[in-house]
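A.B. asks: Have a look at this prediction, sequence included:
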Amino acid sequence: MWVSDNLLHDASSNQETLIFCSQTLEAKVLVYQAPFFSHIIVHFACDGPVLRDFEESYKLLSVHGIR
């Protein structure tokens, strides 16, 4: 991610590099935001049983190394 950021700020980078780096950073930001926002939605919008089911599913995924 830092490489893309550095290339975006490098005046000698060509247009193709700039487009690739900006798309790379955008994709990474979306990937990092998805779990955060899903957690916030579940925390504030769900009642007890739904939240407990989510937490149990998350624990199961964590045990198997999936998350």
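C.D. replies: Nice, thanks for sending it over. Numbers count the residues shown, from 1 in each chain.
A.B. asks: Any figure for the gap between the spatially most central residue of the chain and Ser38?
C.D. replies: Here the mean C-alpha position of the chain is nearest to the C-alpha of Tyr32 (C-alpha atoms, centre = their mean), at a distance of 1.6 Å. Using C-beta to C-beta, to the nearest Å, Tyr32 is found at 12 Å from Ser38. The way it works is simple: take the backbone N, C-alpha and C, and place the C-beta from them, glycine included.
A.B. asks: What of Leu8?
C.D. replies: On the measure of C-beta to C-beta, Leu8 and Ser38 end up 28 Å apart.
A.B. asks: Who has more neighbours out of those two?
C.D. replies: Neighbours were counted for Leu8 and for Ser38 using other C-beta atoms under 10 Å; Leu8 has more, 15 against 12.
A.B. asks: Show me where this structure dips below the pLDDT cut-off.
C.D. replies: 1, 42-51, 60-67 (pLDDT under 70).
A.B. asks: For this protein, which helix extends over the most residues?
C.D. replies: helix 15-45 (DSSP state H).
A.B. asks: Packing partners of that one?
C.D. replies: Applying 3 or more C-beta pairs under 8 Å, 6 or more residues apart in numbering; DSSP states H and E, one finds that helix 15-45 contacts helix 2-8, helix 48-63.
A.B. asks: try 6 Å
C.D. replies: helix 2-8 (3 or more C-beta pairs under 6 Å, 6 or more residues apart in numbering; DSSP states H and E).
A.B. asks: Can you tell me what sits against the helix it packs on?
C.D. replies: Residues outside helix 2-8 that contact it (C-beta atoms under 6 Å, 6 or more residues apart in numbering): 13, 17, 21, 24-25.
A.B. asks: Recalculate using a threshold of 10 Å.
C.D. replies: 13-14, 17-18, 20-28 (C-beta atoms under 10 Å, 6 or more residues apart in numbering).
A.B. asks: Now which of these would you call buried?
C.D. replies: 21, 24 (16 or more other C-beta atoms under 10 Å).
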